[in-house]
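Student: missing the sequence, but the structure's below:
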Ligand SMILES: Cc1cc2nc3c(=O)[nH]c(=O)nc-3n(C[C@H](O)[C@H](O)[C@H](O)COP(=O)(O)OP(=O)(O)OC[C@H]3O[C@@H](n4cnc5c(N)ncnc54)[C@H](O)[C@@H]3O)c2cc1C
Ligand SMILES: Nc1ncnc2c1ncn2[C@@H]1O[C@H](COP(=O)(O)O)[C@@H](O)[C@H]1O
């Protein structure tokens, strides 16, 4: 059994994001990048499954994007992924493009399970896993907070607006990880050193037989200014007075 | 443009978010000289269909195999309905229901999709969408290529539509069970039934963070104040992770996005991921014992103090006759 984990390189979510003056993109100079937090959770889950089930022969991390995505693949290797592939692509990608590339890659690699993040914390699309499952005609379990093996398939607990939903899916399947699935391990310094020596397979969209045809066009970005000025109130009575008499909300 | 709305319902009527999707759809149809239809999936939908018909003509896929919202089945039925109706734009409210199902339908329909739309405009004939990035720090304007275009809209960005005087026609869709996928099966839904309003639908939201130590205190302080104010309860990720509150309460980038008239943050520090879910509330109040907590930067009113002292006092004032 093989598990494929697609990972995306994203700006560190704790950093302040600045927009280029012409709105063409964000300022990336000096901006640190990390594995998308949800994808780190997906890597962790794949490793835990491999540690528990001897049938799992390989956990493969794959990232699509520029060469700069290599450090994030090295981090996945240091966490414990067996191998990594970089699908080199400098063109901007939308979820449809990523899903098509992953579909083609899955056709070659033949994983039994694709475990990925529920959303990229940069673009906040939350679309790619679902599109990929449709293209592969596989079942999907999105927003997973628990994954169990059950009757040769999976029993997945999903975080929905209505509460926790449990569904069962047969394999192969696409599962997208939510925050509470697990707490990803840190890669130790020694494992980082070891991961540096591993070779990372390189592929291009053309080698997968695909050309990038965007469905989503970026017309411009703008920063969102904070428009509030906080009034510090000295007491509860003062606060209630403001809410009652000025805001008229209570 | 012909617009189709994937409506979400509770077995009785439309969810409020779907009425926001209607507002968006009506606006687009009006500017383009188009039309709006509702699409309902599920089982025993007669009552829901009538509710939806008060807004627009309705297509109904009613079948026992659609009782629970399994993405593979629903996406297939939606894709068939879209092809059959020839609609050019499909829209739904950005809730976990639509976030699960619509991108899968988009995968079957060519992939032109934009999620979490908070505004739209026309540039010439081109319909453009505004959507937040980076936990709401940035807003992007995007356009979609290919048909149909598929979007989810944030209910907080579009006011819910009101019923019309005339009922729309209700048309049944044929659902062939044999063509539906069976690789996914529904087992159970564990919902924490709450007699408080839904956090995305309430006029006032009282939200607790790590300043609240346990479930009893959450119920007593956050729940107690919410009940007095007829408000919904929300929380930060910290409390869901600690098992103090159910995940459905989480407000933020990866939880629910709310924009009530009043948002009261109790013991919440104000991480960007939390702000992403509430910073468009009309009035924001923060109570925090740390005067430097970042939540004060987005609040309209800030009170420095201990929630364990101040909230019981607030509740007591609401108990006392004026
Ligand atoms: C990928 C990702 C996604 C995330 N998504 C979300 C999300 O959707 N929603 C979300 O909320 N978070 C999210 N987070 C987590 C977020 O980064 C913060 O960790 C979280 O919001 C902190 O919660 P908090 O403010 O309750 O806790 P803390 O940051 O610990 O703050 C607690 C606050 O309570 C105050 N306090 C303590 N005791 C008292 C008292 N007795 N009286 C008054 N004040 C008191 C403290 O001064 C402090 O400011 C996400 C993180 C990541 C990495
Ligand atoms: N460029 C990429 N390379 C590899 N995986 C990706 C890429 N973009 C998105 N993904 C995967 O798709 C998930 C959802 O992303 P999104 O739909 O963009 O929110 C991410 O958590 C990743 O697992």
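Tutor: Cool, the structure landed. Nothing here was measured: the structure is a model prediction, and the numbers come from that model. Ligands and ions are numbered 1, 2, ... in the order given.
Student: Quick one: low-confidence residue ranges for chain A.
Tutor: In the prediction, chain A carries no residues with pLDDT under 70.
Student: Apply 90 and report the result again.
Tutor: A:225-228 (pLDDT under 90).
Student: need the contact list for the residue lying closest to residue A:180 once chain neighbours are set aside.
Tutor: Nearest residue to residue A:180 in three dimensions, chain neighbours excluded: residue A:145, at 4.4 Å (CB to CB, 6 or more residues apart in numbering or on different chains). Every C-beta, even on glycine, is put in place using the N, C-alpha and C of the backbone. Contact partners of residue A:145, counting by CB atoms under 8 Å, 6 or more residues apart in numbering or on different chains, are A:157, A:158, A:159, A:164, A:178, A:179, A:180, A:181, B:247.
Student: can you tell me which of those lies nearest to ligand 1?
Tutor: residue A:179 (6.0 Å; CB to the nearest ligand atom).
Student: Nearest the middle, which residue of chain A would you pick?
Tutor: In chain A, the C-alpha nearest the mean C-alpha coordinate belongs to residue A:117, at 3.4 Å (CA atoms, centre = their mean).
Student: which element is the nearest residue to that residue once chain neighbours are set aside on?
Tutor: Spatial nearest neighbour of residue A:117, excluding adjacent residues (CB to CB, 6+ apart): residue A:38 at 2.9 Å. Element membership for residue A:38 (DSSP states H and E) is helix A:37-52.
Student: Could I get the contacting residues of the residue in chain A that ligand 2 sits nearest to?
Tutor: Here the residue of chain A nearest ligand 2 is residue A:117; by CB to the nearest ligand atom that distance is 2.2 Å. Residue A:117 is in contact with A:6, A:7, A:8, A:36, A:37, A:38, A:39, A:41, A:42, A:129, A:176, A:177, counting by CB under 8 Å, 6+ apart.
Student: Tabulate the residues you listed (TSV), appending neighbour count and distance to ligand 2.
Tutor: Below are the contacts of residue A:117 laid out as TSV (neighbours: other CB atoms under 10 Å in any protein chain shown; distance: CB to the nearest ligand atom, whole Å):
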residue	neighbour count	distance to ligand 2
A:6	28	3
A:7	27	6
A:8	25	4
A:36	25	5
A:37	20	9
A:38	26	5
A:39	30	5
A:41	25	9
A:42	32	6
A:129	33	6
A:176	29	7
A:177	30	8
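Student: secondary structure element for the residue nearest to residue A:180?
Tutor: With DSSP H and E as criterion, residue A:145 is part of strand A:140-150.
Student: What separation do you get for the residue nearest to residue B:222 when sequence neighbours are not counted and residue A:128?
Tutor: Nearest residue to residue B:222, sequence neighbours excluded (CB to CB, 6+ apart): residue B:208, at 4.0 Å. Noted for residue B:208: a distance of 33 Å to residue A:128, by CB to CB, to the nearest Å.
Student: Residue A:69 too?
Tutor: Taken as CB to CB, the span from residue A:69 to residue A:128 is 15 Å.
Student: Comparing the two, which residue is more hemmed in?
Tutor: Comparing residue A:69 with residue A:128 by other CB atoms under 10 Å in any protein chain shown, the one with more neighbours is residue A:128, at 29 against 22.
Student: from what I can see the more buried one touches residue A:98, true?
Tutor: Yes: the pair residue A:128 / residue A:98 is scored as a contact, 5.1 Å apart, by CB atoms under 8 Å.
Student: Need the overlap of contacts for the two.
Tutor: Contact with both residue A:128 and residue A:98 is made by residues residue A:6, according to CB under 8 Å, 6+ apart.
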